[in-house]
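[1] quick one: sequence plus predicted model below, questions after.
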Amino acid sequence: MSEKAMIRVRMSMHDAHYGGNLVDGARMLNLFGDVATELLIRQDGDEGLFAGYESVEFLAPVYAGDYIEAVGEITKLGNSSRKMTFEARKVIVPRPDLNESACDVLETPIVVCRAVGTCVVPKDKQRNK
Ligand SMILES: C/C=C/C(=O)SCCNC(=O)CCNC(=O)[C@H](O)C(C)(C)COP(=O)(O)OP(=O)(O)OC[C@H]1O[C@@H](n2cnc3c(N)ncnc32)[C@H](O)[C@@H]1OP(=O)(O)O
């Protein structure tokens with residue numbers, strides 16, 4: 001229906017929250033929020049507001065040092081609602097087993113999180129009618 005939006009971010013030691021430098025799952029929702037904002041700006045010329053998620057799945061662990069690509073697209077346009085799907089994928093991983101600075105680009109990205117959610121842009125703020 002609409003174009004996709006994508007951001008790519010490296011998880012830092014600041015993002016690590018649990019043992020073994022595991023990153024909090026909420027960090028993926030933080031990325032999806034920025035993807036949603038871009039989708040809404042492209043669709044409506046407005047940042048909009050996130051109303052809610054109907055599903056969130058954490059499918060693989062994320063660690064400090066991983067590069068995460070978060071993508072999303074609008075799948076349904078309501079009057080003021082915009083339903084979206086999101087996917088976060090791990091595309092680069094550290095290789096501490098080789099040495100402290102070694103990293104690999106993954107031939108096949110690992111899907112770490114999927115979500116479906118709805119944002120709202122009130123009618124009077126939609127600028128791309
Ligand atoms: C991009 C990321 C941004 C953020 O993260 S912002 C920070 C987090 N979000 C917020 O702080 C938002 C707080 N919530 C609100 O301000 C309000 O609450 C809303 C503006 C989200 C909605 O308020 P109202 O417009 O008065 O609600 P309605 O008139 O009942 O519904 C408007 C449209 O939105 C759909 N909708 C409302 N809630 C949900 C939901 N929880 N899940 C799915 N859809 C929802 C409805 O159906 C309808 O749709 P239809 O205009 O197309 O007919």
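    Received, thanks. Residues are numbered from 1 along each chain as shown.

[2] shaky segments in this structure?
    Where the chain drops to pLDDT under 70, the residues are 1-2, 129.

[3] which bits of it sit near the ligand?
    Neighbours of the ligand within the chain, by C-beta under 6 Å from any ligand atom: 33, 36-37, 40, 48-52, 78-81, 118-120, 122. Backbone N, C-alpha and C define where each C-beta goes, glycine included.

[4] burial check on the closest residue to the ligand within the chain, number of neighbours?
    Across the chain, no residue is closer to the ligand than Gly78, which sits at 2.1 Å (C-beta to the nearest ligand atom). Gly78 has 9 neighbours, counted by other C-beta atoms under 10 Å.

[5] cool, and Ala5?
    21.

[6] got a list of what it touches?
    Val35, Glu38, Leu39, Arg42, Val71, Gly72, Glu73 (C-beta atoms under 8 Å, 6 or more residues apart in numbering).

[7] how does it look with 7 Å?
    Val35, Glu38, Leu39, Arg42, Gly72 (C-beta atoms under 7 Å, 6 or more residues apart in numbering).

[8] ok, how many other residues are close to the residue lying closest to Leu22 once chain neighbours are set aside?
    Leaving aside its chain neighbours, Leu22 sits nearest to Pro61 (5.7 Å; criterion: C-beta to C-beta, 6 or more residues apart in numbering). Using other C-beta under 10 Å, the number of residues around Pro61 comes to 15.

[9] next one: Pro61 from Tyr18, what distance?
    Distance, Pro61 to Tyr18, using C-beta to C-beta, to the nearest Å: 9 Å.

[10] then Gly65?
    Taking C-beta to C-beta, one finds Gly65 at 15 Å from Tyr18.
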